[in-house]
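*Asks:* mind folding the following:
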Amino acid sequence: MDWTKWDWQAMINRYCGDIAPIVATMIAMAGIVGGKIVETLPRHVHLAILNLLRPAEAIVRRIIVMAAHGLEVEPPVRAGPVGPIPRGKGQNDRIPAFPLFDPRKAVGPRRKTVPGYGPRVWVIGGENDPAFQKPAPKPDDPVSAARLCRRVLSLKAALENIPRQARRLVRALARTSCKWQKPMRPGRPPGHKARGKDAIDEILASSQEMALIAILHPKPG
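*Replies:* Residues are numbered from 1 along each chain as shown. This is a model prediction of the structure:
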């Protein structure tokens, strides 16, 4: 197939249309209204969103790779700050920029740690002291959800402006300080399931294939 004549924009539109309802589902599950950060969520809801968020982020990265296919942009002219940088109250609601590069897997042996509550002093009859018994997590336990919500909102913002993210990616790859030559990590993408049969698993597998094609078959200059 002549990939130089492939309609990449139609493919980008298709994947954006496929992933948009999943992003909307995560926002509804988290109870995010008007972009306001939710501080805590039940553990089972937090895990359910996280299971969708990992592959969704990977899919949007691959859409961005396709959008950056053959794109050329001028490096931005950076000027110094014209005033004091605002700090303090309200900074926790700031949505971070969408990460354009896959998280890389750790290489080498991991440092072993021994979990526990610190030094234990055993006394006669003290083996069942509740202070040394770690309670089992429960599905309805409240867990911190601020970081999760920021990731979901960052994903939503990126999906709503793919061309801007594509320009960010081209500039990032052109920097001499860029740590990786490709935004996608080698091997399986984040959120990949060996036997995943859900809709998001199929979208991830298909977008992975098309993003690899975009990288391996750049547009002629």
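*Asks:* which residues touch the residue lying closest to Pro55 once chain neighbours are set aside?
*Replies:* Excluding the flanking residues, the one nearest Pro55 by Cβ to Cβ, 6 or more residues apart in numbering is Gly191, at 3.0 Å. Heads up, the C-betas are built off the backbone N, CA and C, glycines and all. Contacts for Gly191 (Cβ atoms under 8 Å, 6 or more residues apart in numbering) come out as 54-58, 200, 204.
*Asks:* can you do 10 Å?
*Replies:* Neighbouring residues of Gly191 by Cβ atoms under 10 Å, 6 or more residues apart in numbering: 50-59, 102, 200-201, 204.
*Asks:* so where's this structure uncertain?
*Replies:* 1-4, 75-93, 106-134, 218-221 (pLDDT under 70).
*Asks:* got the buried residues for the longest helix along it?
*Replies:* Longest helix of the chain, by residue count under DSSP state H: helix 43-67. Neighbour counts over helix 43-67 (16 or more other Cβ atoms under 10 Å) mark 43, 45-46, 48-49, 52-67 as buried.
*Asks:* before we move on, back to that, so can I have CSV of the contacts of Gly191 showing distance to Pro139?
*Replies:* Formatted as CSV, the contacts of Gly191 follow (distance: Cβ to Cβ, whole Å):
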residue, distance to Pro139
Leu50, 14
Asn51, 14
Leu52, 17
Leu53, 18
Arg54, 20
Pro55, 22
Ala56, 22
Glu57, 24
Ala58, 26
Ile59, 27
Asp102, 30
Ile200, 22
Asp201, 24
Leu204, 26
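*Asks:* among those residues, which one lies nearest to Trp8?
*Replies:* Nearest to Trp8 among those is Ile59, at 15.6 Å by Cβ to Cβ.
*Asks:* my guess is that closest one contacts Glu209, does it?
*Replies:* No. Here Ile59 lies out of contact with Glu209, judged by Cβ atoms under 10 Å, at a distance of 12.0 Å.
*Asks:* coming back round to it: for the longest helix of the chain, packing partners?
*Replies:* If you count contacts as 3 or more Cβ pairs under 10 Å, 6 or more residues apart in numbering; DSSP states H and E, helix 43-67 packs onto helix 8-30, strand 40-42, strand 142-144, helix 146-160, helix 162-174, helix 199-216.
*Asks:* who wins for proximity to Pro135 among those?
*Replies:* Closest among the helices and strands packed on helix 43-67, using Cβ to Cβ: strand 142-144, at 13.6 Å.
*Asks:* Lys5 versus the most centrally placed residue in the chain, what's the distance?
*Replies:* Taking Cα atoms, centre = their mean, the centroid of the chain lies closest to Glu57, which sits 4.0 Å from it. Remark: distance between Glu57 and Lys5 (Cβ to Cβ, to the nearest Å) = 30 Å.
*Asks:* quick revisit: ok and the longest helix of the chain relative to helix 146-160, angle-wise?
*Replies:* Interaxial angle, helix 43-67 versus helix 146-160 (axes from the mean of the first three to the mean of the last three Cα atoms, to 10 degrees): 30 degrees.
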